[in-house]
Structures are given as C-alpha cells and as structure tokens.
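Undergrad: Next input, structure requested:
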Amino acid sequence: MQKNNELSGVKEIARRANVSIATVDRVIHNRTGVSAKTKEKIEAIIKEMDYKPNLLARSLASRKVFRFAVLIPRESPETEYWRAPLEGINTAWAEIRMYGVEVVFFHYELNDRQTFNREANKILKDNFHGIILAPSFISEALEFFYKCEARKIKCVFINSDISNVSPLSYIGPDLFQSGKLAGNLSKYLIPDGGNILIFNVSRELGAEHHLLKKATGFKSYFEENKSTSTVNMLTVHRTDYDSVMAELAAYLKDNTVDLLFVTNSRVSTVAKYFETNNITNIKLIGYDYLSRNVEYLEKGIIDFLICQKPIEQGYRGLLTLYGYFVESEKIEKIQLMPIDILTKENYKYYKN
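TA: All right, here's what the predicted structure looks like:
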C-alpha cells in the first residue's frame, strides 16, 4: 500500500506538470537531464502538494548504506565537554539509523596532536561518505580536510571553524562574538578601570585556535569602548589541576586581578581553586553547561557561564550529512549556534 501511495504521488506530480514520471523522478533524486524551467515547475508542485518521498522504502530498495565518521576529542578527567556533542550525534543516529545510515566514532586526545593524525589516517583508509569533525589542531585538521576533499568526502565542522576553507557546513558559535560577549558581561561585574585576566588552559594553544578567537573578541570589546581597564593574558600549557593552580597562584601573588575570564570549559578548575583558598574578591566568567561548572555557578563562585549548545551541534552535524546524502537537501554553509548566558538564577531552565 505504501508503495502504491508513493507511486500515486509521483503520478499526480507528473500529471500536473505535464511531464513523464521519469522526469519527476529525476527532480526528486536531484539528477541531471531536466531543464531549469521544468525543474522549477515540478519543485513548485512538490511543495504545493507537501509531497515527501518514502525514504525508508527507497533505502530498502536501493540497499545503499551511507557511512559517516565522527572525529572529535575524547572526554577527559579535566573536562566532560565532549560528552555533549556525542550525545547529540547518538540521538540523531537513533532517529535515522533505519534509513541506511552507519556511524563510526574516532576519538583523539586534546593534549596530543599525534592521536589526531592516527585517527584521521584510520578514517582515510576506510570508506566514508561524510565526516563530522572538531578541528582542534588547525594544521593537522587542514591537512586532513584537503585529503578528504581529494577523496570527495564531505566534512561538517562543529564547535570551531577554520578560516579560508569551505566544508559542507560549519555548526557552532561565532567564536569572536562569543568572546566579545564575555567582555560586555564584565562591565556588569566590575567598574571600568579594573584589572582583568584572560586565562587559557591548553597544552597547545596555537592548535586550539578557537580559544584565541575568543580572547581576541574579548579584548576587542574593551578597545572599541575605549575602556581604561587593563586586560592581560596568561596561558597554562600543563592542564592537570596542580600545574594550572601553581601558575595561577604565582600570577595572583604578584598581580591584582578583579575579573578572570576562562576561555574554555575548564572554568570549574579555577572555581575549585577559589573555593579552596577562600578567594571571594575576583569575578569569574567561563564556558559551558557542564555539571562541575553548574555546581560552582550555583554557589556563586562562577558569575556567568556562556553556553553554545554542544548537544545540538552534534545533533545537527549528523542530520546535515543525512540531509545532504539521503534527502538531497540544500545545506546551509554556516549554522551558527545561539550564544547563551547562564546565571545561578536561570541555569535550571536551560537545555544544551
């Protein structure tokens, strides 16, 4: 019955457009051989009829399997952030698995670029139609992207983008504006003329370019508003708690800080240090709706959390590949995520 309904829909479209069923089929499956005028006419009728092809029947008939790889950082004891996009990807996969979609996961260590190369090479040795990629290491990610392009493998970037390349889509925040927002929030916490510290925690900051974009956006807010505040930056390359706190303690011993801006999800590490040492005179801004961060937000140690919907990034990432390959959809090149502000008063109502 379902097959008959499918055929009836195509027949009706062909009748209204005064073309053959084969011509309608070409348009539905985005194949060549149809004039622009005829294609436009058929697409208008499809939209008017709200016609939806039976994707399940089509995938069963073709027996084609679309294989997608996911290359993102592994969740670590230092940050649970990457659990969120993984959750989004798995949610999307549960919805579309029946349509002949296979997903294979590859994880690299954020503190070791060689693990990125190792997992990327595994992907290149296999056969995949598309990839969801978090390009933390810019030079390695660029090399991998160009190799994918040469193999006609479509890439969707999540969480951060790379300048001057053109993936199928970028899904994530505007990193510069995200940092600029943090700068704007600062004026609600300290008066102009205060001492501000941008705090980067990353073993390879040059690779984690998204932190630098946030820092640049943050500083630009003060420059554009001709602020008299002093903005300095401290980067810690050893990411374990003891090393991070030793460097921060040394800085605070010799410098006055009124506000500290942590450029990634490791803000809970700083909050833990503040709590342990009873530091209450420094305002704190950081990123991401994670359980450890929310704990310190609720206590009032973290003043603002900036969130960028990582679950939705992963969810949209897989559905973007699915839409392109299975439904032949036109894909938006840039899908920017909202930049949300959480406080202890509103975080309970937030969903990633």
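
Undergrad: For the stretch 51-200 of the chain, give me the ranges with low pLDDT.
TA: 52-63 (pLDDT under 70).

Undergrad: N281: how many residues sit nearby?
TA: 8 (other CB atoms under 10 Å). C-beta: built from backbone N, CA, C; applies to glycine.

Undergrad: Tell me how far it lies from I301.
TA: Counting by CB to CB, to the nearest Å, the gap between N281 and I301 amounts to 12 Å.

Undergrad: Equivalent analysis for S136, please.
TA: Applying CB to CB to S136 and I301 gives a distance of 28 Å.

Undergrad: Over to N278?
TA: Taking CB to CB, one finds N278 at 11 Å from I301.

Undergrad: ok, now N232?
TA: In terms of CB to CB, N232 sits 21 Å off from I301.

Undergrad: Those two: which has the busier surroundings?
TA: Set side by side, N232 and I301 show more neighbours around I301, with 22 against 12, by other CB under 10 Å.

Undergrad: Strands along the chain, start to end?
TA: 66-73, 101-108, 130-133, 154-158, 169-172, 195-201, 230-236, 259-262, 283-287, 304-307, 334-336, 340-342 (DSSP state E).

Undergrad: so can I have a markdown table of those strands showing distance to I45?
TA: Shown next, in a markdown table, are the strands of the chain (distance: least, CB to CB, whole Å):
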| stretch | distance to I45 |
| --- | --- |
| strand 66-73 | 28 |
| strand 101-108 | 29 |
| strand 130-133 | 30 |
| strand 154-158 | 29 |
| strand 169-172 | 28 |
| strand 195-201 | 55 |
| strand 230-236 | 58 |
| strand 259-262 | 54 |
| strand 283-287 | 47 |
| strand 304-307 | 43 |
| strand 334-336 | 29 |
| strand 340-342 | 41 |
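
Undergrad: how about these, which one is nearest A17?
TA: Nearest of those to A17, taken as CB to CB: strand 66-73 at 29.3 Å.

Undergrad: tell me the angle of the closest one relative to strand 101-108?
TA: Counting by axes from the mean of the first three to the mean of the last three CA atoms, to 10 degrees, strand 66-73 lies at 20 degrees to strand 101-108.

Undergrad: Check which helices and strands strand 66-73 sits against.
TA: With contacts defined as 3 or more CB pairs under 8 Å, 6 or more residues apart in numbering; DSSP states H and E, the packing partners of strand 66-73 are helix 83-96, strand 101-108, helix 113-125, strand 130-133, helix 310-325.

Undergrad: do you know which of those lies nearest F176?
TA: Comparing the helices and strands packed on strand 66-73 by CB to CB, helix 310-325 comes nearest, at 17.4 Å.

Undergrad: chain center to the closest one: distance?
TA: Computed by CA atoms, centre = their mean, to the nearest Å, the chain-centroid distance of helix 310-325 equals 10 Å.

Undergrad: How about stretch 108-118?
TA: For stretch 108-118, the distance to the chain centre is 18 Å (CA atoms, centre = their mean).

Undergrad: Now tell me what touches that stretch from outside.
TA: 71-74, 76, 119, 136-137, 140-141, 144, 202-204, 207-208, 239 (CB atoms under 8 Å, 6 or more residues apart in numbering).

Undergrad: Thank you kindly, that will do.
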